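K.L.:
Here you go, sequence then predicted model.
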Amino acid sequence: MAENEDVVAGIAGIEPGSALANVAAGRADIMALTQQTHDGALTPEHPGGLSHAERAALALRIAKINDHKAFEDHFEAMLDKAGAPDAAARLADIWFDGGSDVRAKALIRHVDLVAHAPKDATRRDIELLQEAGIADADIVRLSELVAFVSYQIRVAVGLQLMRGLV
């Protein structure tokens, strides 16, 4: 996927001039905001305590949890582009629980919880991130990332379903 391309439209397979392209054009503001949020959540100018590689790896993990191959490919390409060190890349492995790395373990636990069952998250889950040394601002960044990637996948799936009906 080319840089600056609309990720959701590309993954949903929206062809220029198609009926679905016309539907998406009617929501051009939402599509543009979705792409801006993608860029801000995954590759912000100032990533804080969550590197671009960690963000891509965690997004890849969420795509795997949601069993969405196109997003897996997209986030894996972002992870490769970020030149991810092994420690960051391991975050994408759904069989890896963080091992003895307290920070990685906390990040993975939280991402898995919120991606699988967001309604089960409690204040204690935030406290566990804090106890692992994750700064409050990074907890917010992590929460934004999980929420956005989950949203993005659902929008693309909805558009893919519409493509089959339109």
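P.N.:
Alright, I've got the coordinates.

K.L.:
Name the SS class of His46, please.
P.N.:
When classified by DSSP: H, G, I helix; E, B strand; the rest coil, His46 comes out as coil.

K.L.:
quick thing: my sequence starts at 58, can you match it?
P.N.:
Understood, numbering begins at 58; the last thing we discussed is His103.

K.L.:
quick one: it and His125, what's the gap?
P.N.:
28 Å (C-beta to C-beta, to the nearest Å). Where C-beta positions appear, they are placed from N, C-alpha and C, glycine not excepted.

K.L.:
same check, this time on Gly74
P.N.:
Using C-beta to C-beta, Gly74 is found at 26 Å from His125.

K.L.:
From the neighbour counts alone, determine which of these two ranks first.
P.N.:
His125 (21 against 8; other C-beta atoms under 10 Å).

K.L.:
Packing partners of the longest helix along the chain?
P.N.:
Secondary structure of the chain per DSSP state H: the longest helix is helix 193-222. When contacts are defined as 3 or more C-beta pairs under 8 Å, 6 or more residues apart in numbering; DSSP states H and E, helix 193-222 sits against helix 64-69, helix 76-82, helix 85-99, helix 109-122, helix 126-138, helix 159-173, helix 180-188.

K.L.:
for those helices, which one sits closest to Leu216?
P.N.:
Nearest to Leu216 among the helices and strands packed on helix 193-222 is helix 64-69; the distance by C-beta to C-beta comes to 3.7 Å.

K.L.:
contacts for the closest one?
P.N.:
58, 77-78, 81, 88, 91-92, 95, 127-128, 131, 209, 212-213, 216-217, 220 (C-beta atoms under 8 Å, 6 or more residues apart in numbering).
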